[in-house]
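J.: need a structure here:
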Amino acid sequence: MYAIPLGDGSAELRPLESWHAEELLRHFDRGREFIGRFIPFGRDATDTDSARALIQRYAAKRAADSGSLHGIWLDGELVGGVLFRTFDATAGTCEIGCWLEPAATGRGLITRAARVLVDWAIEERGIHRVEWMAAAGNTASLNVARRLGMRRDGVLRGAVHHDGVRHDEEIWSVLAPEWRGARDAHKKH
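T.: Got it, this is the predicted structure:
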C-alpha cells in the first residue's frame, strides 16, 4: 500500500486495515479518555473484534467511495489518524476528521496528515469543498482547521450531544481555488 512520510523523523501516514485491529485497540486504550473528550470515535472499539469492525466500516465506505480511514504512525507505533468522515465526489464535497493520543500531540502530525488528504481530495478527485467540523471547545482541532487555511463558516449552536453535554459545533471549510492559491503562494516563498 502506501506510507507517506509526515516530516517528523519516522512519522508516516498509512492505511488502517483489518489486520491493524489489535494495534488500533492498544492505541485507543492509551488515549481513549483524551480522544473521547469531544468525539465518540473509537468508543465502541473495546476489544479486537470491535476494533476490526470499525476498520471494516471504513473499508466499506472506501469501497463505496464515501469515506476512508488512515493511521498516523510515529516511531512504528500507531498514535492517531485522519479520515474522510464523508466523501461525495459527485457533489464535490467531503469532511475530514482526526484523532490523536496525548503522547503525540504538539508535533503537527494531524496538520501534515490532513494536508495530504485535502490535497489528494482536491487534486486527484476534483473535490471543490473540504469541510472540518469540531466542537467549539476543541481548540486543538479548530487550530488545525486554521493552519489548513480553512475559514469558519458558522456555528451550529447546541448541535452535538456528547457525554451528557450539548456542544456548539463549528463548521470550517476550504474551497479548491483557495487551497491552490495558498499552496502556490507558499511554494513561492
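
J.: so the residue lying closest to Leu6 once chain neighbours are set aside is in which element?
T.: Among residues not flanking Leu6 along the chain, Arg112 sits closest, at 4.5 Å (Cβ to Cβ, 6 or more residues apart in numbering). Every residue, glycine included, has its C-beta placed from N, CA and C. Element membership of Arg112 [criterion: DSSP states H and E] is helix 109-123.

J.: following the chain onward from that helix, which element is next?
T.: Downstream of helix 109-123, the next assigned helix or strand under DSSP H and E is strand 129-135.

J.: can you give me the distance of the residue lying closest to Leu74 once chain neighbours are set aside to Glu101?
T.: In this structure, Leu74 finds its nearest non-sequential neighbour in Ala11, 4.9 Å apart by Cβ to Cβ, 6+ apart. Plainly put, Ala11 is 13 Å away from Glu101 if you go by Cβ to Cβ, to the nearest Å.

J.: Gly36 now?
T.: For Gly36, the distance to Glu101 equals 11 Å [Cβ to Cβ].

J.: next, the buried residues of stretch 7-18.
T.: Within stretch 7-18, the residues that qualify as buried by neighbour count (16 or more other Cβ atoms under 10 Å) are Ala11, Glu12, Leu13, Arg14, Pro15, Leu16, Glu17.
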